[in-house]
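1. My questions concern the predicted model and sequence given below.
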Amino acid sequence: MKFISLKALSRLLLASCLVFTSHFALADAKTPYEESAKQQVINLNNSTLEQLVTLKGIGQIKAEAILAYREQVGAFKSIDDLIKVKGIGEKVLMDNKPRLRI
């Protein structure tokens with residue numbers, strides 16, 4: 001019966017850990033576009049659906065609700081008016097306020 005030396009076993013474990021962690025690091029990697037989109041300032045009165053969905057907590061449905069609100073009510077007069085849109089509350093407003101403009 002052949003035994004693996006402690007040194008060989010250590011190298012094998014290290015290699016396994018590196019492969020495992022690099023796999024997850026690559027899975028979480030963002031493209032430069034995704035990163036810049038998450039930092040982009042969004043104007044509530046002329047933003048597109050694609051721009052709105054980059055906001056934290058805003059998916060397709062809420063982005064469409066923002067666009068519908070703009071069509072029905074008109075331009076936002078203040079950033080705080082965003083909570084008047086159905087489905088958007090204080091948390092979403094506060095999470096995104098630094099990126100929002102009128």
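-> Nice, I can see it. Numbers count the residues shown, from 1 in each chain.

2. least trustworthy helix or strand in the chain by mean pLDDT?
-> Of the helices and strands making up the chain, the lowest-confidence element is helix 32-37, at a mean of 55, by mean pLDDT, DSSP states H and E.

3. Phi and psi next, for residue 42.
-> Main-chain dihedrals, residue 42, degrees, to the nearest 10: phi -110, psi 130.

4. So in terms of bridging, what pairs with it?
-> residue 100 (DSSP bridges).

5. Please give me every residue in contact with residue 95.
-> 55-57 (C-beta atoms under 8 Å, 6 or more residues apart in numbering). Just so you know, the C-beta spots here come from the backbone N, C-alpha and C atoms, and that holds for glycine as well.

6. Please, where are all the helices along the protein?
-> 6-28, 32-37, 49-52, 60-73, 90-96 (DSSP state H).

7. about what we covered before: pull out the buried residues from the contacts of residue 95.
-> residue 55 (16 or more other C-beta atoms under 10 Å).

8. quick revisit: any idea which of the helices of the chain scores lowest on pLDDT?
-> In terms of average pLDDT, helix 32-37 trails the rest of these, at a mean of 55.

9. Same list, the contacts of residue 95, but as CSV with distance to residue 41 and pLDDT please.
-> Listed next are these as CSV, based on distance: C-beta to C-beta, whole Å; pLDDT from 0 to 100:
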residue, distance to residue 41, pLDDT
55, 11, 97
56, 14, 96
57, 17, 96
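
10. quick one: which of the contacts of residue 95 is nearest residue 99?
-> residue 55 (6.8 Å; C-beta to C-beta).

11. The closest residue to the closest one other than its chain neighbours: neighbouring residues, count only.
-> Closest residue to residue 55 apart from its sequence neighbours, by C-beta to C-beta, 6 or more residues apart in numbering: residue 96 at 4.7 Å. A count of nearby residues for residue 96, using other C-beta atoms under 10 Å, gives 20.

12. doesn't residue 58 make contact with residue 96?
-> Yes: Residue 96 lies in contact with residue 58 (C-beta atoms under 8 Å); the separation is 7.4 Å.
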